[in-house]
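Student: make a model of this:
(chains A, B, C and D)
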Protein chains: 4
Amino acid sequence: MPEFRWPTRVYYEDTDSGGVVYHANYLRFMERARTEWLRSLGFEQDHLAAELGVIFAVRRMTVDYLAPARFNDLLQVSARVTQLRRVSMDFAQEVARAGDATPLCRGEVQVACLDSVRLRPRAIPQQLLDRVEEALGAD
Amino acid sequence: MPEFRWPTRVYYEDTDSGGVVYHANYLRFMERARTEWLRSLGFEQDHLAAELGVIFAVRRMTVDYLAPARFNDLLQVSARVTQLRRVSMDFAQEVARAGDATPLCRGEVQVACLDSVRLRPRAIPQQLLDRVEEALGAD
Amino acid sequence: MPEFRWPTRVYYEDTDSGGVVYHANYLRFMERARTEWLRSLGFEQDHLAAELGVIFAVRRMTVDYLAPARFNDLLQVSARVTQLRRVSMDFAQEVARAGDATPLCRGEVQVACLDSVRLRPRAIPQQLLDRVEEALGAD
Amino acid sequence: MPEFRWPTRVYYEDTDSGGVVYHANYLRFMERARTEWLRSLGFEQDHLAAELGVIFAVRRMTVDYLAPARFNDLLQVSARVTQLRRVSMDFAQEVARAGDATPLCRGEVQVACLDSVRLRPRAIPQQLLDRVEEALGAD
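Tutor: Below you'll find the predicted structure:
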């Protein structure tokens, strides 16, 4: 699958008094990239919730913090599906400075498809599954 | 009205790379104090939403940043109702270090009562209005 | 002064369980726009701190919350200098949905120039003052 | 080691429009508990930075999201050292509702000791190491 990348600027809101990006905020950056990847495939999450009754929620994640990102850095956040199941997807993600391949942070993220009201596991909508498989096959 | 105070510790999550509390986070601290004040009067906001169908939302606020709070500071955040209307309340709030009256941040906050579903203005529930007036009278 | 605008997408991280953007997060959006406006004039804030020893900090702000922004909205955040002083600047800012002029949130923000180490007021660097005045004059 | 527990209330700031705690915010809750655990042993992190020149930074974490926490929940966040090394510590942490042992979220967190200025690995100060070992032995 061609790796998807999304740029994210580090603002004051993202940093902490250690002078670097606060560790929990890399999870935000990674979710922004997953959201934009889904949008790039033609899926808006507000429509998915309103029309198909599904939302996506992180079920499990492992994050490696390799080197700190700093205030005003322009980051590139990647998102690549590594496994596609009926009710969940696995992503491999990296955060790096724009123009520098050295990863600052690496994540493996399992995202589950849930019923948007009851928050119980639900099958990924077929049209989304098809579109992701098509994108995976395009690799 | 006796001023209500709520302690809040400054963690890394609250600071920015300037070494101080990020300016938007004082708004969180102030909301924590308003929430705990409401709880101290016997009102849980999840119950207010589920049973009476109302939520409270900030309609307007003015914030003065006087001096910075820093990592690991123990703060006291005050909340005092200065005006009570049928559909909104005004609060005066201050953030200071515990044991030090010098305010670091001051806010005037107008909070509106809204229908929890349609997010339209709605009268503050009578039992809450009565309880706040009683507390105001106790001053 | 020609109004500066910066697009911002609403992600889950920005919303709260009321289903709308959490009130403190509009302050983040406004700061992103001020930062990008400064960048558009040629000033990077990490360089300003490292080379000229100055940072900018919000000294006072008034925010009006007019209508809620929601998950997945694409917002436009404006920033316009309304007053320029030796040690501070005032901004008028608005948050609206892209392609819809109706403001959702309006802010008046006073930003002070501070010594980056001692956090005491300091004159805005002349080259920045000149550049802002030039931009103001271009209106 | 006797497990340390720290209470945390869920405010609007912690939730997202899915109606539950935003996934990245559990990392904040876990850090609050680790900070308070350190304080319970007599160590203030601002002093550790200023006097001993060390800070702690998350190096790696695995988080399992088991069930959602919701607005207004009172949570208990645990912190237990599972491994103590010269330059890092491993924690096992759980987030649960107060009075309910069912974990909502589980984390394994590796925290590294760093030089507070250069952000390079550094030995955990001996007095802290001794104190943690003493606490571990008290189990």
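Student: C-alpha only now, for contacts and for neighbours.
Tutor: OK.
Student: so which elements touch the longest helix anywhere in chain A?
Tutor: Scanning chain A for the helix with the most residues, using DSSP state H, yields helix A:25-40. Under the contact criterion of 3 or more C-alpha pairs under 8 Å, 6 or more residues apart in numbering or on different chains; DSSP states H and E, helix A:25-40 touches strand A:4-9, strand A:74-84, strand A:88-97.
Student: need the winner for burial among the ones you listed.
Tutor: strand A:88-97 (a mean of 22; mean count of other C-alpha atoms under 10 Å in any protein chain shown).
Student: and the one helix or strand A:Arg59 maps to, what other elements does it pack with?
Tutor: Per DSSP states H and E: A:Arg59 is located in strand A:54-65. Where contact means 3+ C-alpha pairs under 8 Å, 6+ apart, strand A:54-65 is packed against helix A:45-52, strand A:103-115, strand D:54-65.
Student: now the angle from it to strand A:88-97?
Tutor: Strand A:54-65 and strand A:88-97 are oriented at 50 degrees to each other (axes from the mean of the first three to the mean of the last three C-alpha atoms, to 10 degrees).
Student: what strands flank strand A:54-65, and is each parallel or antiparallel?
Tutor: Here strand A:54-65 is paired, per DSSP bridges, with strand A:103-115 (antiparallel), strand D:54-65 (antiparallel).
Student: centroid residue for chain A?
Tutor: Residue closest to the average C-alpha location in chain A (C-alpha atoms, centre = their mean): A:Arg34, at 2.8 Å.
Student: mind listing what the closest residue to that one other than its chain neighbours touches?
Tutor: Closest residue in space to A:Arg34, ignoring its immediate chain neighbours: A:Ala79 at 6.0 Å, by C-alpha to C-alpha, 6 or more residues apart in numbering or on different chains. Residues in contact with A:Ala79 (C-alpha atoms under 8 Å, 6 or more residues apart in numbering or on different chains) are A:3-5, A:30, A:33-34, A:37, A:91-94.
Student: same list (these) but as a markdown table, adding pLDDT.
Tutor: Listed next are those as a markdown table, based on pLDDT from 0 to 100:
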| residue | pLDDT |
| --- | --- |
| A:Glu3 | 87 |
| A:Phe4 | 96 |
| A:Arg5 | 97 |
| A:Met30 | 98 |
| A:Ala33 | 98 |
| A:Arg34 | 98 |
| A:Trp37 | 98 |
| A:Phe91 | 98 |
| A:Ala92 | 98 |
| A:Gln93 | 98 |
| A:Glu94 | 98 |
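Student: can you tell me the SS state at the most far-flung residue of chain A relative to its centre?
Tutor: Going by C-alpha atoms, centre = their mean, the residue of chain A most distant from its centre is A:Ser17, 26.0 Å out. Of the three states, A:Ser17 takes coil under DSSP: H, G, I helix; E, B strand; the rest coil.
Student: so how far is B:Leu52 from it?
Tutor: In this view, A:Ser17 and B:Leu52 are 42 Å apart by C-alpha to C-alpha, to the nearest Å.
Student: rewinding a little: buried set for the longest helix of chain A?
Tutor: For helix A:25-40, the neighbour count (16 or more other C-alpha atoms under 10 Å in any protein chain shown) marks A:25-38 as buried.
Student: do the same with stretch A:130-139
Tutor: A:132, A:136.
Student: hang on, the earlier thing: the residue farthest from the centre of chain A and B:Tyr11 touch, don't they?
Tutor: No. Using C-alpha atoms under 8 Å, A:Ser17 is not in contact with B:Tyr11, being 9.5 Å away.
Student: for these two, list the residues in contact with both.
Tutor: B:Phe71.
Student: export the contacts of A:Ala79 as JSON lines, with columns for distance to A:Gly107.
Tutor: Below are the contacts of A:Ala79 laid out as JSON lines (distance: C-alpha to C-alpha, whole Å):
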{"residue": "A:Glu3", "distance to A:Gly107": "14"}
{"residue": "A:Phe4", "distance to A:Gly107": "14"}
{"residue": "A:Arg5", "distance to A:Gly107": "14"}
{"residue": "A:Met30", "distance to A:Gly107": "8"}
{"residue": "A:Ala33", "distance to A:Gly107": "12"}
{"residue": "A:Arg34", "distance to A:Gly107": "12"}
{"residue": "A:Trp37", "distance to A:Gly107": "16"}
{"residue": "A:Phe91", "distance to A:Gly107": "8"}
{"residue": "A:Ala92", "distance to A:Gly107": "6"}
{"residue": "A:Gln93", "distance to A:Gly107": "5"}
{"residue": "A:Glu94", "distance to A:Gly107": "6"}
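Student: related to what we said a few turns ago, now the helices and strands packed on strand A:54-65 as a markdown table including mean neighbour count and mean pLDDT?
Tutor: Below are the helices and strands packed on strand A:54-65 laid out as a markdown table (neighbours: other C-alpha atoms under 10 Å in any protein chain shown; pLDDT from 0 to 100):
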| stretch | mean neighbour count | mean pLDDT |
| --- | --- | --- |
| helix A:45-52 | 14 | 95 |
| strand A:103-115 | 21 | 98 |
| strand D:54-65 | 21 | 98 |
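Student: in JSON lines: those, plus distance to A:Asp73.
Tutor: Shown next, in JSON lines, are the helices and strands packed on strand A:54-65 (distance: least, C-alpha to C-alpha, whole Å):
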{"stretch": "helix A:45-52", "distance to A:Asp73": "28"}
{"stretch": "strand A:103-115", "distance to A:Asp73": "12"}
{"stretch": "strand D:54-65", "distance to A:Asp73": "19"}
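Student: nearest to C:Leu48, of these?
Tutor: strand A:103-115 (24.4 Å; C-alpha to C-alpha).
Student: C-alpha coordinates for that closest one, PDB please?
Tutor: Below are the C-alpha coordinates for strand A:103-115, written out as PDB (Å, rounded to 0.1, in the frame of the first residue of the first chain):
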ATOM      1  CA  PRO A 103      11.500   8.600  12.700                       C
ATOM      2  CA  LEU A 104      10.900  10.500  15.900                       C
ATOM      3  CA  CYS A 105       8.000   8.400  17.000                       C
ATOM      4  CA  ARG A 106       6.600   5.100  15.800                       C
ATOM      5  CA  GLY A 107       3.200   3.600  16.500                       C
ATOM      6  CA  GLU A 108       1.400   0.400  15.900                       C
ATOM      7  CA  VAL A 109      -2.300   1.100  16.200                       C
ATOM      8  CA  GLN A 110      -5.300  -1.300  16.200                       C
ATOM      9  CA  VAL A 111      -8.500   0.500  15.300                       C
ATOM     10  CA  ALA A 112     -11.900  -1.100  15.900                       C
ATOM     11  CA  CYS A 113     -15.100  -0.400  14.100                       C
ATOM     12  CA  LEU A 114     -17.900   0.200  16.500                       C
ATOM     13  CA  ASP A 115     -21.600   0.900  16.500                       C
END
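Student: in CSV, list the strands paired with strand A:54-65 along with distance to D:Gly42.
Tutor: Listed next are the strands paired with strand A:54-65 as CSV, based on distance: least, C-alpha to C-alpha, whole Å:
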stretch, distance to D:Gly42
strand A:103-115, 32
strand D:54-65, 15
